[in-house]
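Chemist: starting from these lines, generate the structure:
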Amino acid sequence: MLSTAAAASDEVVEVIPDDLVIESVDLGVDAEDAPSPLAIGDYGVGTNNVSIFAGVAQKLPFGVNYVYWRDSQYVYKFAYGTDLSLSGTTFSADNVDVITYNTNSSWNDEPSYTFGSDSGFRLSAGDSLVWSNLGLYPDLTGGDVYGKITAFCLVGYGVFYLLRRIVWRCFGG
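Modeler: Now for the predicted structure:
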């Protein structure tokens, strides 16, 4: 099955195959007994949605920033771009690409993705729950790149120091 993507003007832009969803989440309960994982509560974001967009965020090239938020009860948005920035609690950019995920309000409608762009993007997060690689917001990719680089360098230095001490003791120096 394919999902049709449309820009804000309802012009069809691109067709995206269903394999855009990289991994699924096992809720550990039967589907008949489980509440919909697509829209949990009035203000929360279902973990299924977070895992879908975590896969998207991980594939963004270095230097591309993103923000993910719940726009309404059934609509989630993921905006990304190289000039996306954060000032206080306001995200802004001259131009971003936006993926809109509509989980639909009816049990018999399938979720849909639409793709578009937004020039003059502005999102005031305030106290809302958003995910972003900017600021102190939670990161969809599981951590910031600089923290991982720092940890790698510290471990590398530790191994170098340990090996140097072992060689020093074994062969004298």
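Chemist: any idea of the mean pLDDT for the helix or strand where G156 lies?
Modeler: Assessed by DSSP states H and E, G156 sits inside helix 145-171. The predicted model gives helix 145-171 an average pLDDT of 83.
Chemist: residue ranges with poor pLDDT in this protein?
Modeler: Under the criterion pLDDT under 70, the flagged ranges of the chain are 1-47, 143-146, 173.
Chemist: please enumerate the helices of it.
Modeler: For the chain, applying DSSP state H gives helices covering 47-58, 145-171.
Chemist: just the C-alphas of the first one, formatted as PDB.
Modeler: Listed in PDB are the C-alpha atoms of helix 47-58, where the atom choice follows Å, rounded to 0.1, in the frame of the first residue of the first chain:
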ATOM      1  CA  THR A  47       5.000   5.800  21.900                       C
ATOM      2  CA  ASN A  48       4.200   4.400  18.500                       C
ATOM      3  CA  ASN A  49       4.400   7.900  17.000                       C
ATOM      4  CA  VAL A  50       7.600   8.700  18.700                       C
ATOM      5  CA  SER A  51       9.200   5.500  17.400                       C
ATOM      6  CA  ILE A  52       8.100   6.300  13.900                       C
ATOM      7  CA  PHE A  53       9.600   9.700  13.900                       C
ATOM      8  CA  ALA A  54      12.700   8.600  15.800                       C
ATOM      9  CA  GLY A  55      13.600   6.600  12.700                       C
ATOM     10  CA  VAL A  56      13.100   9.600  10.500                       C
ATOM     11  CA  ALA A  57      15.200  11.800  12.800                       C
ATOM     12  CA  GLN A  58      18.100   9.300  12.800                       C
END
